[in-house]
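S.K.: Predicted model and sequence follow; I will ask about them next.
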Amino acid sequence: MAKIITDSKKIEELLTRGVEEVIEKANLKKKLLSGKQLRIKLGIDPTSPNIHLGRSIPLLKLRDFQNLGHKAIFIVGDATGIVGDTSDKTSERPMLTDKEIKANLKNYKKQVGKIIDLKKCEFHQNSSWLKKLGYKEVGEHANIFSINQFISRENIAKRLKEGKRVSLREVLYPLMQGYDSVAVKADVELGGTDQKFNLLAGRDMQKEFKQEPQDIMMTNIINGLDGRKMSSSWGNTINFLDEPNNMFGKVMSMSDDLVPEYFKLVTRVSLDKVSEYEKDLKKGENPKEIKMILAFEITKMYHPEKDAQKARENWENTFSKKEIPEDVKEIKAGKGEKLGDVLVKNGLLPSNSEFGRRIKGGAVKDMKSGEVIKENIEIKREMIVKFGKKDFVKISVK
RNA sequence: GCGUCGGUGGCGGAGUGGUCAAUCGCACUUGACUGUAAAUCAAGCGACUUAUGUCUACGCAGGUUCAAAUCCUGCCCGGCGCACCA
C-alpha cells in the first residue's frame, strides 16, 4: 500500500494550481489530510487521435494526486465517445463510429503515460460496464435527472433559443459519465470547468447507488495558441505527440500574454519560479526569452530532454538566425520538372493554384542564393527552397 | 403524419432568372514590419491554367429557359407549430 503524503503545503498547491473550483473543497481537504488513499477518476473520450495540451491540465492534476500516494483511475471513454459530449460545443457533436473510436484509442495509453505513472494507475474503458446496461437500467438512471435541468444548461439553452437541433442522445451523456463514477467508486473526479454538469451528475448517480458522492475538482481551461479555447477543431492545439521541433515552435508562436498561464497550468515549474518570470515580464524583459524557457519546459515533458534542447537550438538557427533548419524534408525530382508540380506531387502544397499564389506573394525563395523565385522554374540541380513561413524543402535531382 | 419555414464555400450569413466562383464578417494562407508574439498594412482564399479562358460547385435528382444558387416537380435532411376536446 502506497504511503499517503499529507504535507499541507503540497495539498494546498494540489487544491489550487490550475484549479477553478472544488466541490466540496472543505470535504476534500479533510479527506486528503486523513491519510486515506483516495480513488481519483479522470475520463477522456477518444474523439481525436491526439491528446492536446488542454487535457494535460487534469492529467497533471491526476499525477499530483498520484505523487501524494492516491490511486489514479483513468477511463477512456470509448462508449461515451460514441455518444458524444456536448459540454464544450455550440452545436451537436457527430456520433463517432466504432472504427473511429478504435483508431483514436490506439495511442491513448502511450500519450497518457507521458504524464501519469501507468504502473500505479487503474486503466479502464467505460464500454466494459456501459454496454452491459439495457433500457431498464438506462430508464432508471434517466429518472434521476430531469429535462428541465438539462435544458437550462447554458449552451443547450442557447442552442434551443437559436432553433438549433438538440438530440435526445445528448441527454444520455451525463448519465453515462455519471455512471462511470459509480462503476469505479470514485472519491474524486477531475474535469474541466465545462464539465460541471456531467461531474455533478456523477454525484447524484452515486447517491442513488448508495455511494458517498465524489468530490469534484474542476481545472482551468487553457487557451489555444491564438487565444481562443484550445480545441482540436480549431487547429490551435499543441499535441502530446507533436515532434519536438514542432512543439517548440508552436509554443513560440503563441500570444505573449498566455505565457504565465501556460507555466502555471501545463508545466510543473515551481510557482515561485513562475512568479519570478512574471516579474521579469512586467519589468520589460523581452517576452521571447521567457517564452523560450516555457517552450523548452513543455517540450521536455513529452520528449527526452536532449531532444528538447535540440529543438531549441534548431529554432534559434532557423528563425533567429534565418538558417536552414536541420530537419529539412528531402524529396527527389526529375531533371527539368517544374518546381510547383514537384511540391504538389509530394503533398507539400494542395494545388498548383496555391503554388501560384505563393509565387505571387513572394514566399518562394532559393535558400542557397537567398533570392526570391518569381516563376515556376524548372529544377536543374539540387536546391533548398523555402516556400512559406515554416515550409522548407530540399530537392535533389534524380 | 399534417402545416409551415429553411438547407449556399471551414463557420456565420447575403444573394431569389443573366453583370455569381457567388457581397460581407470570422477563420485561414502569403508578404511587409518583428521576437515564426500581438497590433497594423497589403495581397490571396474551388481546380486547371495564365490567360484575361476552361471545368466543377449553392442538400439530391430531374424539368422549364437562350440563360438558374435563384422558377417548377419529386426526393432527402433540419427547425418550429399541430397531433386536441372522448
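M.R.: Here it is on my side, so go on.
S.K.: Show me the shaky parts of the stretch 101-250 of chain A.
M.R.: By pLDDT under 70, the weakly predicted segments of the stretch 101-250 of chain A are A:233.
S.K.: what are the ranges of the strands in it?
M.R.: All strands of the stretch 101-250 of chain A, identified by DSSP state E, counting those that start in this stretch, fall at A:121-125, A:188-192, A:215-219.
S.K.: Turn these into a markdown table, columns for distance to A:K161 and mean neighbour count.
M.R.: Where you see a C-beta, it was placed from the backbone N, CA and C, and this is true even at glycine. Converted to a markdown table, the strands of the stretch 101-250 of chain A look like this (distance: least, CB to CB, whole Å; neighbours: other CB atoms under 10 Å):
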| stretch | distance to A:K161 | mean neighbour count |
| --- | --- | --- |
| strand A:121-125 | 36 | 17 |
| strand A:188-192 | 24 | 25 |
| strand A:215-219 | 26 | 24 |
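S.K.: among these, which is nearest RNA strand B?
M.R.: strand A:188-192 (22.0 Å; CB to the nearest atom of the strand).
S.K.: who's in contact with that closest one?
M.R.: Residues outside strand A:188-192 that contact it (CB atoms under 8 Å, 6 or more residues apart in numbering) are A:28, A:31, A:38-43, A:54, A:57-58, A:61-62, A:65, A:88, A:181, A:198-199, A:202, A:214-221.
S.K.: can you rerun that using 7 Å?
M.R.: If you take CB atoms under 7 Å, 6 or more residues apart in numbering as the criterion, strand A:188-192 is touched by A:28, A:38, A:40-42, A:58, A:61-62, A:181, A:199, A:202, A:214-219, A:221.
S.K.: Now intersect those residues with the helices, please.
M.R.: Using DSSP state H, A:L28, A:P58, A:K61, A:L62, A:S181, A:L199, A:G202 are the members of the contacts of strand A:188-192 that sit in helices.
S.K.: Find the nearest non-adjacent residue to the residue of chain A found nearest RNA strand B, please.
M.R.: Nearest residue of chain A to RNA strand B, counting by CB to the nearest atom of the strand: A:G249, 2.2 Å away. Spatially, and ignoring its direct neighbours in sequence, A:G249 is nearest to A:W315 (6.1 Å; CB to CB, 6 or more residues apart in numbering).
S.K.: does the host helix or strand of that neighbour come close to RNA strand B?
M.R.: Element membership of A:W315 [criterion: DSSP states H and E] is helix A:305-315. Yes - residues of helix A:305-315 are located near RNA strand B by CB under 7 Å from any atom of the strand, namely A:W315.
S.K.: Show me what the next helix or strand after that helix is packed up against.
M.R.: Using DSSP H and E, the next helix or strand after helix A:305-315 towards the C-terminus is strand A:329-333. Judged by 3 or more CB pairs under 7 Å, 6 or more residues apart in numbering; DSSP states H and E, strand A:329-333 is in contact with strand A:392-397.
S.K.: Of all the residues in the strand it packs on, which ones are buried?
M.R.: Buried residues in strand A:392-397, defined by neighbour count with 16 or more other CB atoms under 10 Å: A:F392, A:V393, A:I395.
S.K.: List the contacts of A:N104.
M.R.: Each residue near A:N104 by CB under 7 Å, 6+ apart is listed here: A:P46, A:T47, A:S48, A:P49.
S.K.: Over to the last one: give its phi and psi.
M.R.: Summarising the backbone geometry of A:P49 under the convention degrees, to the nearest 10, its torsions are phi -70, psi -20.
S.K.: Pull the number of nearby residues for it.
M.R.: 16 (other CB atoms under 10 Å).
S.K.: before we move on, the earlier item: show me what the helix holding A:W315 is packed up against.
M.R.: The contact analysis (3+ CB pairs under 7 Å, 6+ apart) places helix A:305-315 against helix A:244-252, helix A:287-302.
S.K.: Can you tell me what sits against the first one?
M.R.: For helix A:244-252, contacts defined as CB under 7 Å, 6+ apart pick out A:225, A:238, A:242, A:291, A:294-295, A:298-299, A:302-303, A:307-308, A:310-312, A:314-315, A:327.
S.K.: pull the CA atoms of it into PDB?
M.R.: Written as PDB, here are the backbone C-alpha positions of helix A:244-252 (Å, rounded to 0.1, in the frame of the first residue of the first chain):
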ATOM      1  CA  PRO A 244      10.000  18.300 -30.600                       C
ATOM      2  CA  ASN A 245      10.700  21.000 -33.200                       C
ATOM      3  CA  ASN A 246       7.100  21.400 -34.000                       C
ATOM      4  CA  MET A 247       6.100  21.500 -30.300                       C
ATOM      5  CA  PHE A 248       8.800  24.000 -29.500                       C
ATOM      6  CA  GLY A 249       7.800  26.200 -32.500                       C
ATOM      7  CA  LYS A 250       4.100  26.100 -31.600                       C
ATOM      8  CA  VAL A 251       4.800  27.400 -28.100                       C
ATOM      9  CA  MET A 252       7.000  30.200 -29.600                       C
END
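S.K.: does any bit of the next helix or strand after that helix sit next to RNA strand B?
M.R.: Next helix or strand after helix A:244-252 toward the C-terminus (DSSP H and E): helix A:259-266. No - contact of helix A:259-266 with RNA strand B (CB under 7 Å from any atom of the strand) is absent, the minimum separation being 8.1 Å.
S.K.: Can you check what angle separates the next helix or strand after helix A:259-266 from helix A:287-302?
M.R.: Toward the C-terminal end, the helix or strand that comes next after helix A:259-266 (DSSP H and E) is helix A:271-283. Relative orientation of helix A:271-283 versus helix A:287-302 (axes from the mean of the first three to the mean of the last three CA atoms, to 10 degrees): 150 degrees.
S.K.: Can you give the contact residues for helix A:271-283?
M.R.: A:E13, A:R17, A:P260, A:F263, A:K264, A:P287, A:I290.
S.K.: what's the average pLDDT for that helix?
M.R.: Mean pLDDT, taken over the full extent of helix A:271-283, equals 89.
S.K.: okay, the angle between that helix and helix A:259-266?
M.R.: In terms of direction (the same axes, to 10 degrees), helix A:271-283 departs from helix A:259-266 by 170 degrees.
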